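*Asks:* dropping a prediction and its sequence here:
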Amino acid sequence: MTVRELIYGLVSMDPQLALLGINPDTTFAGGAPDSPPEAPGRTWAVLNWGQENGAGLVARGRGRPSGRDCSLWVYSRHDDFGDINTALKRWCELMDALVAAKTGSGPNDGWVIETSWQGDSADGWDDVYKANYRSSEYTIIASGD
């Protein structure tokens, strides 16, 4: 399993996030458009992946560790940022718990070496979707395919 698949599964299948309306039908990433074609409900999320890099590591070749930034953007049509704040808090709990986790059960799967919180964005308003939003970003260093 790739790190992208691991993170998507954690977010889209998390029972606590599901209570907020974030599930496989309302989580967009990995092969999906950068944003939903139309807002799918009152609350939804978009995973955004940054450029992959060597993360300061000198290992090379297959299975080498690499780093990549990943941000979770949470949108809500509620009048306040309550669901967004709750979702981002849960996102941080999920990401912080990943350290030393195997990325999957396959022979070429690797390990999450480190997750490092980079911060949360300011509150925002999306005038296209008519929704509040905020994001939170982590740098993930992992090995494997």
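*Replies:* Yes, it's here.

*Asks:* mind listing what's buried along the host helix or strand of Leu47?
*Replies:* Secondary structure assignment for Leu47, by DSSP states H and E: strand 43-53. For strand 43-53, the neighbour count (16 or more other CB atoms under 10 Å) marks Thr43, Trp44, Ala45, Val46, Leu47 as buried. Just so you know, the C-beta spots here come from the backbone N, C-alpha and C atoms, and that holds for glycine as well.

*Asks:* can I get the CA coordinates of the helix or strand following it in CSV?
*Replies:* Moving toward the C-terminus from strand 43-53, the next helix or strand (DSSP H and E) is strand 66-76. This file holds the C-alpha atoms of strand 66-76, laid out as CSV (Å, rounded to 0.1, in the frame of the first residue of the first chain):
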residue,chain,number,x,y,z
SER,A,66,11.3,10.0,1.2
GLY,A,67,9.3,12.9,2.6
ARG,A,68,6.2,14.5,1.3
ASP,A,69,3.9,17.2,2.7
CYS,A,70,0.2,16.3,2.9
SER,A,71,-2.6,18.7,3.9
LEU,A,72,-6.2,18.0,4.8
TRP,A,73,-8.6,20.8,3.8
VAL,A,74,-11.9,20.6,5.6
TYR,A,75,-14.9,22.4,4.2
SER,A,76,-18.2,23.0,6.1
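
*Asks:* the helix or strand just after strand 66-76: how far from the chain's middle?
*Replies:* The helix or strand immediately downstream of strand 66-76 is helix 82-96, counting by DSSP H and E. Here the centre of helix 82-96 is set off from its chain's centre by 10 Å, with CA atoms, centre = their mean, to the nearest Å.

*Asks:* and helix 82-96, what does it pack against?
*Replies:* Other helices and strands packing on helix 82-96, by 3 or more CB pairs under 8 Å, 6 or more residues apart in numbering; DSSP states H and E, are helix 3-12, helix 15-18, strand 43-53, strand 66-76, strand 112-120, strand 131-142.
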